[in-house]
Structures are given as C-alpha cells and as structure tokens.
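Trainee: Kindly return the folded structure for what I paste below:
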Amino acid sequence: MLEIRHLRSLIAIADSGKLATAADRVHLSQSALSHQIRALEDHHGLPLFERTRQGLRFTPAGERLLTLARSVMAEVGAAERDLARMKGETTGELRIALECHTCFDWLMPVMHAFRQRWPEVEVDLVAGFHADPLTLLKEGKADLVIGSRPKALRAWSVTPLFRFEILAVLANEHPLRHKRFLAAKDLADQTLITYPVPEERIDLIREVLRPAGLSLPRRTAELTVAIVQLVASRRGIAALPNWGLQSYLQHDYVKALPIGPKGLWSELHAICPKAQATRPYMQDMAQIIRSECAKLPGIEWLA
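Mentor: All right, here's what the predicted structure looks like:
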C-alpha cells in the first residue's frame, strides 16, 4: 500500500540517482530504504528500478509511481502552505546572507521557487562580503545564512544541505595540468586567486596549505567569472566548487583537478536563529534548496 513516506523516497532516489544518497535525504539507513522499496515491488509485483553504472534507473512501473509521487507531494506541500496561511504564518521578511559566493550560481531558481510558494514573504539578499555572516544574525540584519556549519550551535538552528568538492582551477597551459591530483607541495610557488574573504574561510588554505606550512601570495576578485579569467590569463590558480566550474570547463577555458588523493570537500548548511526556525517558510527554504540543487553535478547529500 502506497504511503507518503514511499512517495518521498521515490523522489529522493530520482533526484540523487543513488540509494545511499537518497537514504540520507529521507533520514533512513540504506538497508531500511532498500527494504521499503522491496516491499513496494512485492506489493505491486513489478520491479521499480534497474541498477546501472550511473546509478538506479526507473523502470516504466517506477516512472509511473514517480509521476504520482511528484504530483501528490506538490499537492501536500500546497495544502500545508494553505494551512499555514490560515494560521497567519506566511507574512514576514527573509533576508539571506551567503557565505559561499559561488552559491549565486544556483540561487536564482531557488529564489524563484520560493517566491512562487510564499508570495507574501519579502525576500532579500544581504549584499556584500561578510567576514562573519553569523554576526548578521546576531545583530538582526539577516534571517538566514547559507554557509559552513558553525562551531557553536546553542543559538542556532542548523539544517544540513549538501557537501561538494572543491577543485583546483588552472590555466590550460599550466605545467601541472597533466597531474591526476594536486598535493600541497605542488602549490608552493603559485599565486592563489580567491574571493576577498578572510583566510580562515578558504578551505584550501585552512585544510591543505596551513597544515603543510605553506603561505601563498594571494590576489582577490569579487566575481567568479573574474577569478576564472585571471586563472585563464595565467595570473595564478584558484580553488572553486565543482558546480561553479561546469560551463567554463565545457568551453575549455580552464582546467580543473582534484586537490589531494581523496579530493577537498566542503559542506553547506542553512543557519537561522532558533526562534525563527519554526516559521513554515523558513523550513521550506531549506527543502527548496535541496530540491533545486539536486540538479548540480558532483554533490552529496548531508543527513
């Protein structure tokens, strides 16, 4: 018998393509999700998935249930928002501060979906580069920060979003371009091009260079396209999230390599004051981000 939990699981599998990743999204163990899917297949007497090298592929029966799942869950979400409106919980302001500046690459579809769902809520972006975005929350100048997990959690409600790989960006002619990955020692004589943020917020510096005792000359630019242009012009190297590089790599403007044998990974979380976390539109924003960012390449879901 189909239940709401089954529909959520089907959507998670479709968005991620992998059972383990989908299990994280619906807060189940992989074995529990597998059992749930087997129960559905036994009930209907049809397989819902085929396993391929690229991940799980829906069978025609699975596609039919997925269509149902997307339709029903959209209606469930709309009904929940209508109930919130009846309670008078859908007006307010949502001011968003971004710690990761390449988030602007995927923010437009997120904001569009949010405005469609919550037209009564005023949405705004807190402009500029901020050394400590959480200070904006403390001072009441922002309502939501999208960034790394804070060390002190007592004052904040933190919703995990996803983890992503940070790649080294090189000019096409760079001598290191043929390496399988870059180690700290490879970067010793390089100039690092970054956003104008404190060094502590730059993963490459904090996680790779400092432990190796390296300090590189640094040049800053405020826009991703400016950073990539400087790299392409052989002014230095950069380290950027995988999703922000796809169009530049497809056009062969620059090269990208993993950092370290296992790659350099970072995380994004949605952070707000605990007093605001119960607002229905605040909870929905995190779900919209996860849904829209399911289309990004190379991300992994956080439970």
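Trainee: how about the helices in the stretch 51-200 of the chain?
Mentor: 60-86, 104-117, 133-138 (DSSP state H, counting those that start in this stretch).
Trainee: how about the second one: buried residues?
Mentor: Along helix 104-117, the positions that meet the burial threshold by neighbour count (16 or more other C-beta atoms under 10 Å) are 105-107, 110-111, 113-114, 117. Bear in mind the C-beta positions are built from the backbone N, C-alpha and C, glycine included.
Trainee: for the longest one, same thing?
Mentor: Applying a neighbour-count criterion of 16+ other C-beta under 10 Å, the buried positions in helix 60-86 are 61-62, 65-66, 69, 81, 84.
Trainee: Would you mind stating the distance between R117 and R81?
Mentor: For R117, the distance to R81 equals 6 Å [C-beta to C-beta, to the nearest Å].
Trainee: sorry, that was for Q190
Mentor: From Q190 over to R81 the distance is 50 Å, taken as C-beta to C-beta.
Trainee: got it, and N242?
Mentor: Applying C-beta to C-beta, the value for N242 to R81 is 33 Å.
Trainee: any chance of the helices of the stretch 51-200 of the chain in a markdown table, plus distance to M285?
Mentor: Listed next are the helices of the stretch 51-200 of the chain as a markdown table, based on distance: least, C-beta to C-beta, whole Å:
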| stretch | distance to M285 |
| --- | --- |
| helix 60-86 | 12 |
| helix 104-117 | 6 |
| helix 133-138 | 15 |
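Trainee: Which strand or helix spans H35?
Mentor: Using DSSP states H and E, H35 maps to helix 30-44.
Trainee: Next, the angle helix 60-86 makes with that helix.
Mentor: Here helix 30-44 runs at 110 degrees with respect to helix 60-86, directions being taken by axes from the mean of the first three to the mean of the last three C-alpha atoms, to 10 degrees.
Trainee: Report the mean confidence score over helix 30-44.
Mentor: Per-region confidence: helix 30-44 scores 90 on mean pLDDT.
Trainee: next one: stretch 200-208
Mentor: In this model, stretch 200-208 has an average pLDDT of 92.
Trainee: Quote the end-to-end distance of that stretch.
Mentor: This stretch, stretch 200-208, spans 12 Å end to end (C-alpha to C-alpha, to the nearest Å).
Trainee: List the buried residues of that stretch.
Mentor: 201-205, 207-208.
Trainee: now stretch 129-143
Mentor: Buried residues in stretch 129-143 (16+ other C-beta under 10 Å): 130, 133-134, 136-137, 142-143.
Trainee: Now tell me what touches it from outside.
Mentor: Stretch 129-143 is contacted by residues 93-99, 101, 126, 145, 147, 150, 155-156, 195-198, 201, 222, 271-273, 276, 282 when judged by C-beta atoms under 8 Å, 6 or more residues apart in numbering.
Trainee: Which of those residues fall in strands?
Mentor: Among the contacts of stretch 129-143, the members falling in strands (DSSP state E) are 93-98, 145, 147, 156, 271-273.
Trainee: any idea which of those residues is closest to S34?
Mentor: Nearest to S34, judged by C-beta to C-beta, of the ones in strands among the contacts of stretch 129-143 is I271 at 32.6 Å.
Trainee: Could you find the closest non-adjacent residue to that closest one?
Mentor: Spatial nearest neighbour of I271, excluding adjacent residues (C-beta to C-beta, 6 or more residues apart in numbering): V145 at 4.5 Å.
Trainee: so that neighbour makes contact with E99?
Mentor: Yes: between V145 and E99 a contact is recorded at 6.2 Å, counting by C-beta atoms under 8 Å.
Trainee: of these two, who's got more company?
Mentor: Legend: neighbour count by other C-beta atoms under 10 Å for V145 and E99, higher for V145 (26 against 19).
Trainee: That one bridge partners, please.
Mentor: Beta-bridge partners of V145, counted by DSSP bridges, are A97, I271.
Trainee: please begin residue numbering at 2 from this point
Mentor: Done: numbering now begins at 2, and the last item shifts to V146.
Trainee: do you know how far N173 is from S158?
Mentor: Distance of N173 to S158, computed by C-beta to C-beta: 44 Å.
Trainee: just L3 next, same as before
Mentor: To S158, L3 is 32 Å away according to C-beta to C-beta.
Trainee: Mind checking which of the two has more residues around it?
Mentor: A side-by-side neighbour count of L3 and S158, using other C-beta under 10 Å, places S158 first with 19 against 14.
Trainee: give me the beta-bridge partners of the more buried one?
Mentor: Assigned bridge partners for S158, using DSSP bridges, are C273.
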